[in-house]
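Colleague: Generate coordinates for the sequence data below:
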Amino acid sequence: MKGRLLWKLLLINIVPVIGVVILVIWLAIDQLAADYFMALMHEYDVSPTDIHRMFLSSIHRYLIWSSLAALALAFILSFLLIRRVLRPLSQMTAIAGTMADRTFSARVDIISADEIGRLGLAFNRMADNLEKLEKLRKTMVADVAHELRTPLTNLRGYLEGLNDGVIPPSGETFQMLQQETLRLVHLVDDLRQLAQADAARAYLNREELQVSELVGQLLPLYGLTLQEKKILVGTDFPADANRVMADRDKLLLAIRNLLANACQYTPIDGHIKISSQRTAQGIKVIVTNSGNGIAEQDLPYIFERFYRADRSRSRLAGGAGIGLAIVKELIEAHGGMVGADSSPDVARVWFLLPG
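Modeller: Model (predicted):
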């Protein structure tokens with residue numbers, strides 16, 4: 001493509017421009033300069049015929065040679081300039097071929113700030129996103145396999161033990177099998193919710209909602225856990241920071257995941273606070289819980305899929321690391337953002353919706 005486009009641009013730029021210039025000069029010499037020369041010959045009473053012919057012949061000869069030199073120089077300069085301009089396009093073609101083979105490390109060299117340079121920047125951003133998505137895909141497949149392998153291995157071991165008569169078919173054994181099965185069900189349900197969150201942008205049904213109403217609707221679901229752990233729950237929803245425009249089901253799911261996360265990591269006799277506040281960007285909803293807080297090195301990654309601050313935790317104790325990733329997808333689908341901060345004994349996870 002580069003060669004064909006290069007020659008087309010050369011022909012478009014050189015042939016018409018240089019050809020028109022040469023034609024204009026040729027006609028000007030034939031008409032104006034020759035007439036002026038003839039006038040001089042008549043003024044000095046010199047026979048103009050032979051000298052006029054020699055004059056035109058010499059001028060035409062020098063004009064032809066100068067035209068050829070101008071064409072050669074214009075061709076060389078245009079060739080070098082156009083090839084330099086088209087270099088990013090040839091790089092994009094080559095890099096696009098490597099992307100087809102799932103290699104996303106190559107980038108276009110940006111050598112200008114014009115339209116081609118901006119195209120190269122956009123291409124590099126696309127390559128960055130594709131590389132990030134490919135890494136995320138590989139990580140997600142590995143993490144899903146890891147999360148599925150543990151309960152499946154346990155189920156296989158117990159079933160083989162029951163089949164061989166090594167493990168007695170007691171109620172405790174069946175309860176253990178049920179727990180492992182529920183772990184698989186919960187993981188599959190988390191993955192389903194994550195897939196729905198990914199597609200949330202296309203299925204938003206926005207309406208005016210009250211944050212306090214949504215939280216009040218969800219808190220009873222965790223009443224038993226809150227009672228068993230003796231957790232105190234407080235809320236604070238000012239009138240000017242209580243209404244948002246959002247999809248009810250998706251916002252309920254986001255808040256539910258935040259509450260589930262807070263209940264899980266709040267110690268016995270701890271406390272949870274759900275509050276909202278108005279900022280310049282919109283309505284900010286904050287879920288604060290007491291506990292060990294979040295390590296500073298973990299804060300940038302807690303919304304990544306399958307990320308757990310303590311990798312030694314089992315899924316039963318620490319979850320699959322999908323809940324906050326679902327919150328991130330759902331809130332960003334609304335045009336909002338998520339974040340977290342922490343102190344040694346308090347963790348705060350928040351989301352912000354424009355409004």
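Colleague: can you pull out the helices in the chain?
Modeller: Counting by DSSP state H, the segments of the chain that form helices are 2-28, 34-43, 48-100, 115-164, 171-198, 211-218, 223-228, 248-265, 315-318, 323-333.
Colleague: which one of those helices has the lowest average pLDDT?
Modeller: Lowest mean pLDDT within the helices of the chain: helix 315-318, at a mean of 44.
Colleague: Point out the most buried one among the helices of the chain.
Modeller: helix 323-333 (a mean of 23; mean count of other Cβ atoms under 10 Å). C-beta: built from backbone N, CA, C; applies to glycine.
Colleague: Quick one: list the elements packing against that one.
Modeller: Under the contact criterion of 3 or more Cβ pairs under 8 Å, 6 or more residues apart in numbering; DSSP states H and E, helix 323-333 touches helix 171-198, helix 248-265, strand 337-343, strand 346-354.
Colleague: Out of these, which gets nearest to P220?
Modeller: helix 248-265 (10.9 Å; Cβ to Cβ).
Colleague: hey, C-alpha coordinates of the closest one in CSV?
Modeller: Output in CSV follows, covering the C-alpha atoms of helix 248-265 (Å, rounded to 0.1, in the frame of the first residue of the first chain):
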residue,chain,number,x,y,z
ARG,A,248,-32.3,0.8,39.8
ASP,A,249,-31.3,-2.9,39.4
LYS,A,250,-27.7,-2.1,38.6
LEU,A,251,-27.3,0.4,41.3
LEU,A,252,-28.8,-2.0,43.8
LEU,A,253,-26.3,-4.6,42.7
ALA,A,254,-23.4,-2.2,43.2
ILE,A,255,-24.5,-1.1,46.7
ARG,A,256,-25.2,-4.7,47.6
ASN,A,257,-21.7,-5.8,46.7
LEU,A,258,-20.2,-2.9,48.8
LEU,A,259,-22.4,-3.9,51.8
ALA,A,260,-21.4,-7.5,51.4
ASN,A,261,-17.8,-6.6,51.2
ALA,A,262,-18.1,-4.4,54.3
CYS,A,263,-19.9,-7.0,56.3
GLN,A,264,-17.3,-9.6,55.4
TYR,A,265,-14.3,-7.6,56.5
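Colleague: how close does the closest residue in space to S112 that isn't next to it in sequence sit to V338?
Modeller: Nearest residue to S112, sequence neighbours excluded (Cβ to Cβ, 6 or more residues apart in numbering): V85, at 7.5 Å. Distance, V85 to V338, using Cβ to Cβ, to the nearest Å: 43 Å.
Colleague: One more: M176?
Modeller: For M176, the distance to V338 (Cβ to Cβ) stands at 36 Å.
Colleague: Same check on G157?
Modeller: Taking Cβ to Cβ, one finds G157 at 39 Å from V338.
Colleague: Was I right to think L177 contacts Y158?
Modeller: Yes. Using Cβ atoms under 8 Å, L177 makes contact with Y158 at a distance of 5.5 Å.
Colleague: which residue is nearest the centroid of the protein?
Modeller: N129 (4.4 Å; Cα atoms, centre = their mean).
Colleague: so who does D247 touch?
Modeller: 200, 203-207, 334 (Cβ atoms under 8 Å, 6 or more residues apart in numbering).
Colleague: shaky segments in the stretch 251-355 of the chain?
Modeller: 305-321 (pLDDT under 70).
Colleague: Now with 80, please.
Modeller: By pLDDT under 80, the low-scoring segments of the stretch 251-355 of the chain are 293, 295-301, 304-323, 355.
Colleague: before we move on, back to that, export the helices and strands packed on helix 323-333 as CSV, with columns for distance to L299.
Modeller: As requested, those are exported to CSV (distance: least, Cβ to Cβ, whole Å):
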stretch, distance to L299
helix 171-198, 21
helix 248-265, 14
strand 337-343, 6
strand 346-354, 10
